[in-house]
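Trainee: predicted model follows, preceded by the sequence.
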Amino acid sequence: MPVEAWRRELFKSPAVFVAAVVLILGAVLAWILIKAKDAITQPRTTGGHNIIAFTSGLYIFGYLASIFASMSFFDASTKFKPRILSPIFVSLLILAMVFGIWLWNKRREAAILLALFIFGLSIVGQYATVKELAKGGQGYASFQWYDSKTMGFLRTLPSGEMIYTNQPTAVYLYTGRGAYVLPDRFDPVTTEPRSGFDKGVTEMQAQIKTGRAVLALFSGGNPSASDAALMSSGLYLAQKSAGDEVFTAAP
């Protein structure tokens, strides 16, 4: 399997990704426990020279604990993604360097092979990333936004016409116009139902039906299919492209 396809499969399969994370964290935890024992039982001159690596290992678990606590008790709208783990990569690099120094003192041939292996993976990963970015970018730089016919349609609207959308940031970037967020059925922080959702939908539709606003729904993310159908009920589908829809007053 090509490396690029292997990387996609790794992050697409939750079971494989979790197994990899558990394996790495288990090794780090075992190393921390060993170093903690050495720091307690050995003299200061021999037990304290790895303090930077030791604190880096503790930081990994402290960071993960704070992330999971935050997502569980304080911010329910944040969904776990691999990029959230980015800050711990520096600590993992420090631990890898410590392991490399230890291996160099034990078996230099193995340390050289390990360094070449890691360096090779880095080159292949960078090549795959650059190749993927060259196809059209990611996020708001993706071709799906700057080639969007829906964005082109929104740019033709009169300057005084309001835009209700589930992607206000993208609309601002590609049309230069501010947009209104959609009524939300649930509070994004607590996930509790919000009062006034139906009233917000009614007021939004009243603006659209009088010709003072449009509704632009982009594929992916919120709202749910049922809420999208409720918001667009009774409105005219003026533009549809690549899963994106724009609703206006009846023509």
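Mentor: In hand now; what should we look at?
Trainee: please save the CA atoms from stretch 239-250 in PDB.
Mentor: Extracted in PDB, the C-alpha atoms of stretch 239-250 (Å, rounded to 0.1, in the frame of the first residue of the first chain):
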ATOM      1  CA  GLN A 239     -29.100  28.000  -6.900                       C
ATOM      2  CA  LYS A 240     -27.800  24.500  -6.400                       C
ATOM      3  CA  SER A 241     -24.300  23.300  -7.100                       C
ATOM      4  CA  ALA A 242     -22.100  20.500  -5.600                       C
ATOM      5  CA  GLY A 243     -24.500  20.000  -2.700                       C
ATOM      6  CA  ASP A 244     -24.700  23.800  -1.900                       C
ATOM      7  CA  GLU A 245     -28.000  25.500  -2.100                       C
ATOM      8  CA  VAL A 246     -29.300  29.100  -2.100                       C
ATOM      9  CA  PHE A 247     -32.900  29.900  -1.200                       C
ATOM     10  CA  THR A 248     -34.600  33.100  -2.000                       C
ATOM     11  CA  ALA A 249     -38.200  34.500  -2.100                       C
ATOM     12  CA  ALA A 250     -40.400  33.100  -4.700                       C
END
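Trainee: low-confidence regions, the chain specifically.
Mentor: 1-21, 34-50, 75-78, 135-138, 188-191, 221 (pLDDT under 70).
Trainee: what about the helices in it?
Mentor: 3-12, 14-41, 44-47, 51-69, 88-106, 108-134, 143-146, 149-155, 168-175, 197-209, 225-232 (DSSP state H).
Trainee: the fourth one: how far from the chain's middle?
Mentor: Taking CA atoms, centre = their mean, to the nearest Å, the mean C-alpha location of helix 51-69 is offset from the chain mean by 21 Å.
Trainee: who are the packing partners of it?
Mentor: helix 14-41, helix 88-106 (3 or more CB pairs under 8 Å, 6 or more residues apart in numbering; DSSP states H and E). Placement of C-beta: from N, CA and C, glycine included.
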